[in-house]
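Student: What shape does this take:
(2 chains)
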2 protein chains.
Amino acid sequence: MKLLEERIRKDGEVLDGNVLKINSFLNHQVDPQLMMEVGKEFKRLFENEKITKVLTCEASGIAPGIMAAYQLGVPMVFARKKKPSTLNDAVYWADVFSYTKKVNNKICVEKKFLSSDDHLLIIDDFLAHGEAVKGMLNIADQANATVAGVGVVVAKEFQGGSEWVKDHGYSLEALARISDFENNQVHFVGEE
Amino acid sequence: MKLLEERIRKDGEVLDGNVLKINSFLNHQVDPQLMMEVGKEFKRLFENEKITKVLTCEASGIAPGIMAAYQLGVPMVFARKKKPSTLNDAVYWADVFSYTKKVNNKICVEKKFLSSDDHLLIIDDFLAHGEAVKGMLNIADQANATVAGVGVVVAKEFQGGSEWVKDHGYSLEALARISDFENNQVHFVGEE
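Tutor: Just a heads-up that it's a prediction; the model follows:
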């Protein structure tokens, strides 16, 4: 997605440890017009998949997730990192390993919001090692839901997550695919 | 907002301790079409206030916040509850007291995203005791930003937050104003 690549080049900051900081438009400050374009692109990519629900993870998945859900005309569910005090009903849990902090975190989704009739589109902001996506796939699996596709705004292709998702048979679409950060510059897959 | 009140009546669940659970369309599963209507309503209410930015708080403020920002044509910033590892720049911190858990939590916003030129619209999903809104007002104050208004999706008018916000001179708009939960039913302000 050209618009997104240009924005990453303009406003992205490459930090130590293969970290791309794009929190001026994606995951702290958010550009809603860009997110709507992201939502339209996910719709274009997945509209033939009979999606019934978008599944994402708080907090940074919510902005792209809700715009994709808006465009597809389906509800969005965001997995929670803590079980809220009002969540007294049965939930599915999954572990999400954090490479940055070297700990296992947990995410949960209330059982009644996922069913075996669902065709889920899993959305997230970043795909790096793929841990958050694996957690959501685990939850989809517990619910016996069909995963119709995985859509991420930015994939860091060199960290294994993209390969894992495709190797496990899922249809993956990344709107910006980063091949490396050589010389502290962002390089996209396929560019000269 | 009639559409919202009807949805609360239809899908809301009143729990012990004056808790309204509406996580089937607002803060776990989210109805993006309803959120877009919520965004339009916030635009109608605040469009003369020269808003430059929407400020909200993760995770449940993001869905209504981004739709309000989309409608107003401005960026949204969501306060984070943990400082992300990539957030190595200067941040504003504020305490948010949790009445449910009786602890102080912290929220933060990177300093560069708020300035004294900003006219902020503060958005949140719920206004009860007002602690999250107070935290965001505190951050706005540290940034010397102007608070042009406070918009919440649901206000529980009997828990003091609404009064506090208005008593401190802020323009407050709540799209659904709940007066009480007598007999485990939702009652809105002004209804017979």
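Student: Which residue would you name as the spatial centre of chain A?
Tutor: A:Asp124 (1.1 Å; Cα atoms, centre = their mean).
Student: Which positions in chain A make contact with chain B?
Tutor: Residues of chain A lying close to chain B by Cβ under 8 Å from any Cβ of the partner chain are A:15, A:19, A:21, A:23-25, A:27-33, A:35-36, A:58-59, A:62-63, A:66-67, A:69-70, A:73, A:75-78, A:80, A:84-88, A:100-101, A:109-110, A:113. Glycine gets a C-beta too; all of them are placed from N, C-alpha and C.
Student: Which members of these occur in strands, if any?
Tutor: A:15, A:19, A:21, A:29-30, A:76-78, A:109-110 (DSSP state E).
Student: Closest to B:Val54 out of the residues you listed?
Tutor: A:Val30 (9.1 Å; Cβ to Cβ).
Student: surely the closest one meets B:Ala69?
Tutor: Yes - counting by Cβ atoms under 8 Å, A:Val30 sits close enough to B:Ala69 to count as a contact (7.4 Å).
Student: Pick out whichever of these two has more residues nearby.
Tutor: With neighbours defined as other Cβ atoms under 10 Å in any protein chain shown, A:Val30 and B:Ala69 compare such that B:Ala69 has more, 30 against 27.
Student: Now for that one: which residues touch it?
Tutor: Contact partners of B:Ala69, counting by Cβ atoms under 8 Å, 6 or more residues apart in numbering or on different chains, are A:30, A:32, B:39, B:53-54, B:75-76.
Student: likewise A:His28?
Tutor: Taking Cβ under 8 Å, 6+ apart as the test, what A:His28 contacts is B:77-78, B:80, B:84, B:87, B:109-110, B:113.
Student: Give me the subset of those residues that also touch chain A.
Tutor: Residues of those in contact with chain A (Cβ under 8 Å from any Cβ): B:77-78, B:80, B:84, B:87, B:109-110, B:113.
Student: rewinding a little: please render the ones in strands among the residues of chain A next to chain B as CSV that adds pLDDT to the earlier fields.
Tutor: Output for those, formatted as CSV (pLDDT from 0 to 100):
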residue, pLDDT
A:Leu15, 92
A:Val19, 91
A:Lys21, 94
A:Gln29, 98
A:Val30, 98
A:Met76, 98
A:Val77, 98
A:Phe78, 98
A:Val109, 97
A:Glu110, 95
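Student: which among these end up buried?
Tutor: Neighbour-count burial (16 or more other Cβ atoms under 10 Å in any protein chain shown) applied to those gives A:19, A:21, A:29-30, A:76-78, A:109-110.
Student: biggest helix in chain A, by residue count?
Tutor: Across chain A, the longest stretch assigned as helix under DSSP state H is helix A:32-46.
Student: okay, the angle between that helix and helix B:32-46?
Tutor: Between helix A:32-46 and helix B:32-46, the angle comes out at 160 degrees (axes from the mean of the first three to the mean of the last three Cα atoms, to 10 degrees).
Student: what's the distance between helix A:32-46 and the middle of its chain?
Tutor: 13 Å (Cα atoms, centre = their mean, to the nearest Å).
Student: just stretch A:76-95 next, same as before
Tutor: 18 Å.
Student: for stretch A:2-18, same thing?
Tutor: Stretch A:2-18 has its C-alpha centroid displaced from the chain centroid by 17 Å (Cα atoms, centre = their mean).
Student: Can I get it in CSV, CA atoms only?
Tutor: This file holds the C-alpha atoms of stretch A:2-18, laid out as CSV (Å, rounded to 0.1, in the frame of the first residue of the first chain):
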residue,chain,number,x,y,z
LYS,A,2,1.9,3.0,-1.4
LEU,A,3,0.3,5.6,0.9
LEU,A,4,1.4,3.6,4.0
GLU,A,5,4.9,3.0,2.7
GLU,A,6,5.3,6.7,2.0
ARG,A,7,4.1,7.6,5.5
ILE,A,8,6.5,5.1,7.1
ARG,A,9,9.4,6.5,5.2
LYS,A,10,8.4,10.1,6.1
ASP,A,11,7.5,9.6,9.8
GLY,A,12,9.0,6.3,10.9
GLU,A,13,12.0,6.1,13.1
VAL,A,14,14.3,3.0,13.2
LEU,A,15,15.5,2.2,16.7
ASP,A,16,18.0,-0.2,18.0
GLY,A,17,17.0,-3.9,18.0
ASN,A,18,15.1,-3.8,14.7
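Student: what's in contact with that stretch?
Tutor: Contacts of stretch A:2-18 with the rest of the structure, by Cβ under 8 Å, 6+ apart, involve A:20-22, A:24-25, A:31, A:34, A:37-38, A:128, A:153-154, A:156, A:158-159, A:175-176, A:178, A:181, A:184-186, A:188, B:86, B:88.
Student: Show the low-confidence segments of chain A, by residue range.
Tutor: A:85-88, A:192 (pLDDT under 70).
Student: Which neighbouring elements make contact with the longest strand along it?
Tutor: As assigned by DSSP E, the longest strand anywhere in chain A is strand A:146-156. With contacts taken as 3 or more Cβ pairs under 8 Å, 6 or more residues apart in numbering or on different chains; DSSP states H and E, strand A:146-156 sits against helix A:2-11, helix A:32-46, strand A:119-127, helix A:131-142, helix A:161-167, strand A:172-180.
Student: Run through the residues that contact A:Lys134.
Tutor: Each residue near A:Lys134 by Cβ under 8 Å, 6+ apart is listed here: A:94, A:96, A:164.
Student: whoops, I mixed them up, A:Ala174
Tutor: By Cβ under 8 Å, 6+ apart, the residues touching A:Ala174 are A:127, A:151-155, A:157, A:162.
Student: mind running it again at 7 Å?
Tutor: For A:Ala174, the contact set (Cβ atoms under 7 Å, 6 or more residues apart in numbering or on different chains) comprises A:127, A:152, A:154-155, A:162.
Student: For those, work out which two are farthest apart.
Tutor: Across the contacts of A:Ala174, the longest distance by Cβ to Cβ is 10.8 Å; it joins A:Val154 and A:Ser162.
Student: quick one: buried residues of stretch A:108-116?
Tutor: A:108-110, A:113-114.
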